[in-house]
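Asker: coordinates for the following, if possible.
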Amino acid sequence: MKRVISKLLRFCSISTIAEPDNKTNVSQIDSNANFNKKLQIEKDLAKAIENEDFDIYYQPQVNTEGMIFGAEALLRWNHHEWGFVSPGEFIPIAEETHLINRISDWVIKKVCRQLSNWEEKGLTVQSVSVNISPVRLMEKGLVEFVTRQLEIYNIPATCLEFEITEHSLLKFDKSVLSTIKELKELGVRIAIDDFGTGYSSIEYLREFHADTLKIDQVFIQNMSTTNEKDKVIVSSILHLAKGLDMRIVAEGVEEYDQFHFLKQKECDYIQGYLFSKPVPADMYEKLLRVGYIKPVKQDVKPAHEQRKFYRFDFPFPVLGQMTITEVNNRRVDVGATEILVKDISLGGVKVQSSLKLPVNADFKFKFKFIVMDEQFNLKGTLRWKDKAKGDTYHYGIASNLCRKDEKRLASVINKMSALRNRNQEIPGTEFVYDDSLLIS
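Answerer: The predicted model follows:
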């Protein structure tokens, strides 16, 4: 308690203890306190750099199977009096005073040393991403410094990835473009962080030729069964990145349903508390030895049906056919393949197939099957993908029906629902009782 009181007195003037007379005094008091605190942070930050009072934590990045492919290096400052100071509090001050240049170089050096240490221990060298301030990118000598560290610690440049926030790109000039180009020629990967929160996102993708796109966590954490807008945004970003042949990392994944959605959309890599919080180097080393992380187990089923259309689950899969009709707006004729229809609604169908297809809006499909002696020919696109039994996959298909077919399908679904409620068989339907009969 004495320490807390002492610290408060350091940040506040004597006038803060007295009762303020009006709102202007309160505003002035807060301004003085913030100014004093900023000065103190700046002073202690310089000392922290000299004494190396920082730590680097590592947050694993995993693929959709939980296999570790890399990590993000996150700076932590454990102040001797205040405890952990938020990077959001001291990084802006470090950038303003250009102390960030020394901090950035310290992080790069420590990460290279750590990667070398893990390699010496026989661990597979994983990629580690480091956040680079635009201030450091505009300062001369970054490429030379990185080259020297790679040589000293004898690690490949591909083990390093520099993350550049989308907001910081607004501050870039032509010299930064040259620096990024030289880093890429060296072999260092470039990632655009917090994608989707800036103002000229598409322009950055064209100009910087980044290797990785990191979807900002605000879109991931706002995804829910009732928030379709953020799901559409995330789906669009995934589609865009795949079209540009970029790796995709979703940040801030904390819930299983978020992970399940991203997995269905074929997101490359996941980062978030669902798999692991940022951990010290020794703990991350233990995770590397195992090689994979299991997500926190959660129930992904909603408490009640949230779908726009009622979905009828067949008691057994229905045999059907699938044909690819268009690719990039061009008609194709590659023949038909057998599929199993798992469920159906007025908005689309869920099918099972042995074909490994991309979730790509540029692919158009046609599905044909017979239910209760009624033949349906549905046109649609793949919306999601999930692993099924053996070497087969489940696909979610979105389709738009004309009014005539919509009424016809609605009538069939109502009849099947009534039969199921009475525990009666559904006639005129070719059910498959063994899904191993799928033919690729």
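
Asker: can you give me the helices in the stretch 1-150 of the chain?
Answerer: Ranges of helices in the stretch 1-150 of the chain, per DSSP state H, counting those that start in this stretch, are 2-11, 23-51, 87-96, 100-120, 134-138, 142-153.

Asker: which residues make contact with the fourth one from outside it?
Answerer: If you take C-beta atoms under 8 Å, 6 or more residues apart in numbering as the criterion, helix 100-120 is touched by 49, 52, 54, 56, 73, 75, 91, 94, 125-126, 128, 130, 132-133, 135-136, 139, 145-146, 149-150, 152-155, 159-160, 281, 285, 288. C-beta: built from backbone N, CA, C; applies to glycine.

Asker: surely Pro317 forms part of a strand?
Answerer: Yes - residue state for Pro317 (DSSP: H, G, I helix; E, B strand; the rest coil) corresponds to a strand.

Asker: what are the phi and psi values at Ser353?
Answerer: According to degrees, to the nearest 10, the main-chain angles of Ser353 amount to phi -150, psi 160.

Asker: same thing with Glu425?
Answerer: According to degrees, to the nearest 10, Glu425 has phi -70, psi 150.

Asker: mean pLDDT lowest for which of the helices of the stretch 1-150 of the chain?
Answerer: Ranked by mean pLDDT, these end with helix 2-11 at the bottom, a mean of 42.

Asker: for the chain, what helix or strand is lowest in average pLDDT?
Answerer: Least confident element among the helices and strands of the chain, by mean pLDDT, DSSP states H and E: helix 2-11 (a mean of 42).

Asker: name only those of the contacts of helix 100-120 that count as buried.
Answerer: Among these, those classed as buried by 16 or more other C-beta atoms under 10 Å are 49, 54, 56, 73, 75, 91, 94, 126, 128, 130, 132-133, 135-136, 139, 145-146, 149-150, 153, 155, 159-160, 281, 285, 288.

Asker: not counting residues beside it along the chain, what's closest to Tyr153?
Answerer: For Tyr153, ignoring the flanking residues on the chain, the nearest one in space by C-beta to C-beta, 6 or more residues apart in numbering is Ser116 at 3.8 Å.

Asker: what about Ala410, how many neighbours?
Answerer: As a burial measure, Ala410 scores 15 neighbours (other C-beta atoms under 10 Å).

Asker: now for it: which residues touch it?
Answerer: Leu346.

Asker: ok, back up a step: how many residues are close by the residue nearest to Tyr153?
Answerer: Count around Ser116 with other C-beta under 10 Å applied: 18.

Asker: from Val125, how far out is it?
Answerer: In this view, Ser116 and Val125 are 9 Å apart by C-beta to C-beta, to the nearest Å.

Asker: can you list residues touching both of those two?
Answerer: Going by C-beta under 8 Å, 6+ apart, residues that sit against Ser116 and also against Val125 are Ile155.

Asker: domain boundaries for this protein, per the record?
Answerer: 1-50, 52-290, 312-437 (automatic domain parsing).

Asker: any chance of those in JSON lines, plus distance to Val296?
Answerer: Below are the domains of the chain laid out as JSON lines (distance: least, C-beta to C-beta, whole Å):
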{"stretch": "domain 1-50", "distance to Val296": "34"}
{"stretch": "domain 52-290", "distance to Val296": "6"}
{"stretch": "domain 312-437", "distance to Val296": "19"}
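
Asker: Phe431 versus Asn421, what's the distance?
Answerer: Taking C-beta to C-beta, one finds Asn421 at 18 Å from Phe431.

Asker: what's the closest of the helices of the stretch 1-150 of the chain to Ile293?
Answerer: Closest to Ile293 of the helices of the stretch 1-150 of the chain is helix 100-120 (C-beta to C-beta; 16.8 Å).

Asker: buried residues in stretch 109-122?
Answerer: For stretch 109-122, by 16+ other C-beta under 10 Å, it's Lys109, Lys110, Val111, Cys112, Gln114, Leu115, Ser116, Trp118, Glu119.

Asker: tell me the gap between it and the middle of its chain.
Answerer: Centre-to-centre, stretch 109-122 and its host chain are 26 Å apart (C-alpha atoms, centre = their mean, to the nearest Å).

Asker: same question, stretch 255-263
Answerer: Distance, centroid of stretch 255-263 to centroid of chain: 10 Å (C-alpha atoms, centre = their mean).

Asker: could you pull up the mean pLDDT of that stretch?
Answerer: 90.

Asker: list the buried residues of it.
Answerer: Buried residues in stretch 255-263, counted by 16+ other C-beta under 10 Å: Glu255, Tyr256, Gln258, Phe259, His260, Phe261, Leu262, Lys263.

Asker: mind putting those into TSV with distance to Lys184 and secondary structure?
Answerer: Formatted as TSV, the buried residues of stretch 255-263 follow (distance: C-beta to C-beta, whole Å; DSSP: H, G, I helix; E, B strand; the rest coil):
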residue	distance to Lys184	secondary structure
Glu255	35	coil
Tyr256	36	helix
Gln258	31	helix
Phe259	31	helix
His260	34	helix
Phe261	32	helix
Leu262	27	helix
Lys263	30	helix
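
Asker: got those as TSV, with distance to Thr179 columns?
Answerer: Below are the buried residues of stretch 255-263 laid out as TSV (distance: C-beta to C-beta, whole Å):
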residue	distance to Thr179
Glu255	38
Tyr256	40
Gln258	35
Phe259	35
His260	39
Phe261	36
Leu262	32
Lys263	36
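
Asker: what comes up buried for stretch 40-60?
Answerer: For stretch 40-60, by 16+ other C-beta under 10 Å, it's Ile41, Asp44, Leu45, Ala48, Ile49, Phe54, Ile56, Tyr57, Tyr58, Gln59, Pro60.

Asker: how about the closest residue to Lys385 other than its chain neighbours, secondary structure?
Answerer: Of all residues not flanking Lys385 in the chain, Val359 sits nearest, at 5.0 Å (C-beta to C-beta, 6+ apart). Using three-state DSSP, the structure places Val359 in coil.
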